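Peer 1: Build me a structure from this.
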Amino acid sequence: MDFILNAETEKKTPFIVKKDPIIGDWNATIVRCEEEPQKEEPQKEEPQKESVVISPIPIPTGEKVFTEKEIKMYETYFGMGIAKHSNPKDEYAYECSTLVDCRICKETKPLTEFQNNTSGKQPFGCDGKRLKRKECKDCTKREKAGQIEAVKLAKSLGKPYKAPEGTLCEMCEATEKIVFDHCHDTKVFRGWLCDPCNRSLGVLGDNVPSLLKYTNYLQKVEKRKLVVNEDNTISILDSIYTPEIINM
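Peer 2: Numbering: from 1, shown residues only. As a prediction, the model looks like this:
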């Protein structure tokens with residue numbers, strides 16, 4: 001197919017040459033072709049870019065696999081009206097979107113970065129959610145490594161990891177569930193405590209400055225007479241005290 005160029009419009013018009021049936025001359029008749037409409041090429045749709053929310057907090061991704069035991073546990077406690085979620089998948093989704101502060105490093109992390117607390121009689125709290133430890137997994141690993149170091153240090157000084165038979169808790173004098181206690185900063189063996197006292201000490205901060213805050217809080221009402229002894233222990237001078245009555 002050829003084209004005729006219009007000098008004014010600079011538009012090309014297609015034409016073909018037909019053989020005249022009477023004259024038989026190929027050049028006798030020029031039949032103009034209808035201008036073929038230009039086919040519009042389909043526009044390629046650009047793929048929509050997914051919006052990415054950049055967060056300083058790493059949010060867990062990927063599919064979480066749950067055991068049959070976990071699934072059955074949720075079904076049981078949900079049927080009893082104790083668990084808030086009927087399955088571990090819903091609980092995991094909640095944990096991915098819930099941020100909390102670690103008790104030790106103070107960093108804000110998703111609940112998935114905290115191990116389940118299995119020390120209680122049941123795995124769920126009064127709000128129906130899974131009980132979690134207050135320290136993140138990273139801090140738990142460091143604490144475990146520190147405990148191993150403390151045990152080695154104690155053994156080098158002749159202190160066993162397991163409490164000798166008949167050992168009393170140095171706080172409440174209980175005789176059951178006696179555990180090895182150590183300073184988390186220096187890794188030095190401190191003594192033997194029962195498991196409840198050891199856990200309570202950890203919840204309250206596990207150091208003197210933190211416990212002093214609780215002591216001063218109680219002193220607002222009790223107003224006990226305290227004295228620091230030569231060995232840096234603290235004693236109470238008054239054996240009997242009368243709590244003040246506060247008008248609310």
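
Peer 1: Going by C-alpha atoms from here, please, whenever you check contacts or count neighbours.
Peer 2: OK.

Peer 1: what does stretch 192-203 contact?
Peer 2: 163, 167-172, 174-181 (C-alpha atoms under 8 Å, 6 or more residues apart in numbering).

Peer 1: Now do the buried residues in that stretch.
Peer 2: The neighbour-count criterion (16 or more other C-alpha atoms under 10 Å) identifies Trp192, Leu193, Cys194, Asp195, Pro196, Cys197, Asn198 as the buried residues of stretch 192-203.

Peer 1: Quick one: residues contacting Lys72.
Peer 2: Contacts here follow C-alpha under 8 Å, 6+ apart; on that basis Lys72 touches nothing.

Peer 1: if you average pLDDT over the helix or strand hosting it, what comes out?
Peer 2: Assignment of secondary structure by DSSP states H and E places Lys72 within helix 68-79. Computed over helix 68-79, the mean pLDDT rounds to 93.

Peer 1: roughly how far is the helix or strand just after it from the heart of the chain?
Peer 2: Scanning the chain past helix 68-79 towards its C-terminal end, the next helix or strand to appear is helix 88-96 (assignment: DSSP H and E). Distance of helix 88-96 from the chain centroid (C-alpha atoms, centre = their mean, to the nearest Å) equals 11 Å.

Peer 1: Buried residues, the helix or strand just after helix 88-96. List them.
Peer 2: Secondary structure here is assigned by DSSP H and E; on that basis, the next helix or strand after helix 88-96 toward the C-terminus is strand 99-101. Residues of strand 99-101 classed as buried by neighbour count (16+ other C-alpha under 10 Å): Leu99, Val100.

Peer 1: Give me the residues contacting strand 99-101.
Peer 2: Contacts made with strand 99-101 from outside it, assessed by C-alpha under 8 Å, 6+ apart, are listed as Glu107, Thr108, Lys109, Pro110, Leu111.

Peer 1: Could you report the separation of the nearest residue to the fourth one once chain neighbours are set aside from Phe124?
Peer 2: Distances taken as C-alpha to C-alpha, 6 or more residues apart in numbering place Leu99 nearest to Pro110, at 4.4 Å, with adjacent residues excluded. The span separating Leu99 from Phe124 equals 18 Å under the rule C-alpha to C-alpha, to the nearest Å.

Peer 1: No further questions, thank you.
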